[in-house]
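Visitor: Next input, structure requested:
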Amino acid sequence: MAKSIKATDTTKWNNKLNSYTETDPLFSASVAKRITAADTAKWTASIHKIGDSYGGGIVFYVYDGGRHGLIAATADQSAGIRWYAGTYTNTMAYADGVGAGKANTAIIIANQGYGDGATYAARVCNEYSVTIAGVTYGDWYLPSKTELNLLYLQKAAFASAYYWSSTEDDTNHAWAEYFDSGYQNGNGKSSTARVRAVRAF
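Guide: Coordinates of the predicted model:
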């Protein structure tokens, strides 16, 4: 260094630090201040549990301490609809697990498109939206095989019938679950089953 650090340099540096504030994006509170009761309330409100009405539907699965999870629509989007749009193809919608249904839904729609004109399971979920307190929730999808089973485990107010998942089994079949027993099997894509859309938070 050309010069040694003097006491006046240290004072200037400390003054600069004391005048600097940074806003935390979650709490909208300065890091230079103590966390207030209002900040804590915001944090607590972001934690959800199974059964909560939230995000346009009902929470049926949570992880990360309740900060993330899955929401089901409050009613079925169809009481009986086909999985495909009229053409048997290998859509490659084989993903499974939490969150996999969103990608599957996009893949199915890209593959099947408009089809024969009749709507189908993935499309009816993708096109579903609900507005609550001025907020529109439109990012719904057909649940994966695993997500559908998680929904079955919290199955109050569901029909004792087959529900479609977005997970493909093979060219002619896709996975469905019977909500009376929890039995999952590959159903023919041209057969009809009920549909309940879900979304993530």
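
Visitor: domains for this structure, by residue range?
Guide: 7-45, 53-200 (automatic domain parsing).

Visitor: If you average pLDDT over each of those domains, which is lowest?
Guide: Among these, domain 7-45 carries the lowest mean pLDDT, a mean of 51.

Visitor: just to revisit the earlier point, which of the domains of the chain has the highest mean neighbour count?
Guide: Highest mean neighbour count of the domains of the chain: domain 53-200, a mean of 18 (counted as mean count of other CB atoms under 10 Å). Heads up, the C-betas are built off the backbone N, CA and C, glycines and all.

Visitor: which residues sit in contact with Ala157?
Guide: Ala157 makes no contacts at all, as judged by CB atoms under 8 Å, 6 or more residues apart in numbering.

Visitor: residues in contact with Thr131?
Guide: Neighbour list for Thr131: Tyr137 [criterion: CB under 8 Å, 6+ apart].

Visitor: Please report how far it lies from Tyr54.
Guide: For Thr131, the distance to Tyr54 equals 15 Å [CB to CB, to the nearest Å].

Visitor: Likewise for Tyr137?
Guide: Noted for Tyr137: a distance of 10 Å to Tyr54, by CB to CB.

Visitor: what's the answer for Tyr178, then?
Guide: 28 Å.

Visitor: all helices in this protein, in order from the N-terminus.
Guide: When secondary structure is read from DSSP state H, the chain shows helices at 7-19, 37-45, 100-112, 121-126, 145-152.

Visitor: Which elements pack onto the third one?
Guide: Contact analysis of helix 100-112 by 3 or more CB pairs under 8 Å, 6 or more residues apart in numbering; DSSP states H and E lists helix 121-126, helix 145-152, strand 162-168 as its packing neighbours.
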